[in-house]
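[1] Just a sequence and a predicted model for now, questions to come.
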Amino acid sequence: MSEAEELKVCPFCGSAKKPTLMDFEGEPYVPGFEVRCDASGWEGMDERGCGATSGWGETREEATANWNRRAALSDTEKTG
């Protein structure tokens, strides 16, 4: 993935640090890539992602483009 194709913030929770590209390329049932707002870990809820998934693709670039195509949250949506 090139530097120009960085993952955008999660459109559901606004997290900029948790969208993660998951590599399923070697898996027999779901080969490909998916972007997930990573909700794993022991951080407090403010530090975790929301678990939203999207951005499935056969390549890293396709998955990233699919994730980034979704609209980002507006400031009003982030604050409720």
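    Perfect, I can see it now. Residues are numbered from 1 along each chain as shown.
[2] what comes up buried for stretch 5-25?
    7-11, 13-15, 18-19, 21-22 (16 or more other CB atoms under 10 Å). To be clear about C-beta, it is placed using only N, CA and C from the backbone, and glycine gets the same treatment.
[3] average pLDDT across it?
    For stretch 5-25, mean pLDDT rounds to 82.
[4] Same question for stretch 68-80.
    61.
[5] show me where the protein has helices.
    In the chain, helices defined by DSSP state H lie at 60-69, 75-79, listed in chain order.
[6] before we move on, back to that, which of the buried residues of stretch 5-25 fall in strands?
    19, 21-22 (DSSP state E).
[7] Let me know the closest of those to Val30.
    Met22 (9.8 Å; CB to CB).
[8] ok so, going back, CSV please, covering the buried residues of stretch 5-25 and showing distance to Asn66.
    Below are the buried residues of stretch 5-25 laid out as CSV (distance: CB to CB, whole Å):
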residue, distance to Asn66
Leu7, 11
Lys8, 11
Val9, 15
Cys10, 14
Pro11, 12
Cys13, 18
Gly14, 19
Ser15, 18
Lys18, 17
Pro19, 12
Leu21, 11
Met22, 13
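[9] Phe33 reaches Ser54, doesn't it?
    No: applying CB atoms under 8 Å as the test, Phe33 and Ser54 come out as separate, 11.6 Å apart.
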